[in-house]
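Trainee: Structure for this input, please:
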Amino acid sequence: MKIVHLDTSFNGREASSSLLASQLVNRLTEGAEAQVHYRDLSQEGLGHLTEEIFMGFQLPAEQRNEVQLAATAKSDEYISELQDADALVVAVPMYNFSTPSQFKSWVDHVARAGVSFSYTPEGPKGLLNIRKAYVIATRGGQYAGTGYDFQAPWLEQVLKFIGVQQVEFIFAEGQATEQAAEAFQQAEQQIAALA
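Mentor: Predicted structure coming up:
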């Protein structure tokens, strides 16, 4: 089994989302022969997609400048990790009704036409063929299933867009309320049941 494990919180491994994702990875790999590619995206220093980098993705290697070569190499590395992954585990807190910007940057470097998805007459087709993504979503308030949850629908759409077959959400909501400990415990129970 090969797992790609992403932390996205600026609190790193101590974030609630990261602690829960670590529990899930441990459960998924328990008693199994497994390879885990771990990345803390807040430490990657990836930066945002720019016109220069985007244009570099389209160019042959010999025509890319130094910035484009470095960005394409990093993008290729991320995509390579995903190409033969069985599962993706993403720890993602909600920041301002969305994901941390470093996760959006990772998506922008991974979603590349002709590499991780293609345009077909029937519409876009994901090329990465990952069986399942587990998304550990922590939120300060209660948003799942409401009109204010812009995060989960976007995450599911973009992951399926690049070839994830199934997306499973594990929510720990109300982390800024008195229900924080109870919600965290419920997420732990869901992880135990899933794994």
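Trainee: Please name the residues that touch V135.
Mentor: Remark: with contacts taken as CB atoms under 8 Å, 6 or more residues apart in numbering, V135 is in contact with 90, 92, 152, 155-156, 159, 167-170. C-beta here means a position set from N, CA and C on the backbone, and glycine is covered the same way.
Trainee: ok, now Y119?
Mentor: Taking CB under 8 Å, 6+ apart as the test, what Y119 contacts is 113, 125.
Trainee: Backbone dihedrals for it, both of them.
Mentor: Main-chain dihedrals, Y119, degrees, to the nearest 10: phi -90, psi 130.
Trainee: again with the one 5 residues further on
Mentor: Taking degrees, to the nearest 10, you get phi -60, psi 150 for the backbone angles of P124.
Trainee: can you map out the strands along the protein?
Mentor: Remark: strands assigned in the chain by DSSP state E are 2-7, 35-40, 87-93, 117-120, 123-126, 130-138, 164-172.
Trainee: In the sheet, which residues pair with the spatially most central residue of the chain? Tell me.
Mentor: The centre of the chain sits closest to V90, judged by CA atoms, centre = their mean, with a distance of 4.4 Å. Beta-bridge pairing for V90 (DSSP bridges): L6, V135.
Trainee: T177 versus that one, what's the distance?
Mentor: Noted for V90: a distance of 23 Å to T177, by CB to CB, to the nearest Å.
Trainee: any idea of the pLDDT on G12?
Mentor: G12 carries a pLDDT value of 84.
Trainee: nearest residue to it other than its sequence neighbours?
Mentor: Closest residue in space to G12, ignoring its immediate chain neighbours: D40 at 5.7 Å, by CB to CB, 6 or more residues apart in numbering.
Trainee: Would you map the helices across the protein?
Mentor: 16-29, 41-44, 51-58, 66-83, 101-110, 151-161, 180-194 (DSSP state H).
Trainee: Go through these and name the closest to Q142.
Mentor: Proximity to Q142, assessed across those by CB to CB, is greatest for helix 180-194 (9.0 Å).
Trainee: For that closest one, the averaged confidence score.
Mentor: 93.
Trainee: Ok, stretch 59-74 next?
Mentor: For stretch 59-74, mean pLDDT is 96.
Trainee: circling back to that earlier point, could you list every residue that touches the residue nearest to the centre of the chain?
Mentor: Contact partners of V90, counting by CB under 8 Å, 6+ apart, are 6, 8, 21, 103, 133-136, 155.
Trainee: What separation do you get for it and S17?
Mentor: For V90, the distance to S17 - CB to CB - is 9 Å.
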